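>>> got a sequence here, can you model it:
(one chain, ligands or ions: 2)
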Amino acid sequence: MRIYRFVNPALWLLLTLATGTAYAGEHVYTATDPAWKTECGSCHVAYPPQLLPAASWRKLMTGLNNHFGTDASLDAKTAESIARFLETNSSTKRKYANDSALRITESRWFRKEHDEVPARTWKNPTIKSAANCTACHTRAEQGDYSERTLRVPR
Ligand code: HEC
Ligand code: HEC
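Numbers count the residues shown, from 1 in each chain. Ligands and ions are numbered 1, 2, ... in the order given. Presented below is the predicted three-dimensional model:
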């Protein structure tokens, strides 16, 4: 970074703008918890806690025996510790407010963020479901949803 000290401020600003998005760390969710990663990442990618408000996680965690048509039950102790992790790292931003919805994919911000994806892409058999984040966000397993790692199948 030392070379930046020798360039003039206007150029520095340009450089920052040009490279800034890649380093902003936005849309990269690093919070992790071993039980959450194992138990909530076995059927689908472990969805980042930051993408739902606490109320949604609380509701979701009390209905694991009937989890979107499957049984994802856990013993009480594990469920409690995962719930705590999810709620602690949940979103407080208004953008992610989700009324009563349990699905990230049904929230307003998700629809808005994904409105450029054409209908035929959602029907692509390699995607199957909008909940299949990894189909497009190639590093979703690492919590990385940045533009850099996005590859949308045609
Ligand atoms: C037995 C398999 C299974 C396990 C274990 C499981 N899930 Fe799921 N989950 C599903 C299925 C199936 C769906 C619906 C996926 C779809 O619509 O394509 C789902 C959907 C979700 C969604 C909604 C995705 C969307 O559309 O926005 C969330 C949030 C979620 N799961 C969280 C969790 C959490 C938290 C855990 C751990 C406590 C967990 N899941 C464990 C099977 C599982
Ligand atoms: C069909 C491909 C596809 C799927 C599946 C998908 N996304 Fe995306 N996602 C996109 C596209 C395209 C964008 C818009 C990127 C942009 O305009 O910067 C995006 C943007 C995002 C962003 C904002 C990133 C940014 O840099 O602005 C987040 C966060 C995100 N998606 C999360 C998710 C989550 C969580 C899931 C699964 C529940 C998911 N996405 C499923 C294609 C997809």
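
>>> count of neighbours near R111?
11 (other CB atoms under 10 Å). (Glycine included, C-beta is placed from N, CA and C.)

>>> tell me the helix or strand right after the host helix or strand of it.
In this structure, R111 sits in helix 108-113 according to DSSP states H and E. Per DSSP H and E, the first helix or strand lying C-terminal to helix 108-113 is helix 119-122.

>>> list the contacts of the residue positioned nearest the centre of the chain.
Closest to where the C-alpha atoms of the chain average out (CA atoms, centre = their mean) is P48, at 4.4 Å. Taking CB atoms under 8 Å, 6 or more residues apart in numbering, we find P48 in contact with 29, 31, 89, 143, 145.

>>> can you tell me how far the residue nearest to the fourth one when sequence neighbours are not counted is from R154?
Sequence neighbours aside, Y29 is the residue nearest to G143 in space, at 4.0 Å (criterion: CB to CB, 6 or more residues apart in numbering). With the distance defined as CB to CB, to the nearest Å, Y29 ends up 27 Å from R154.
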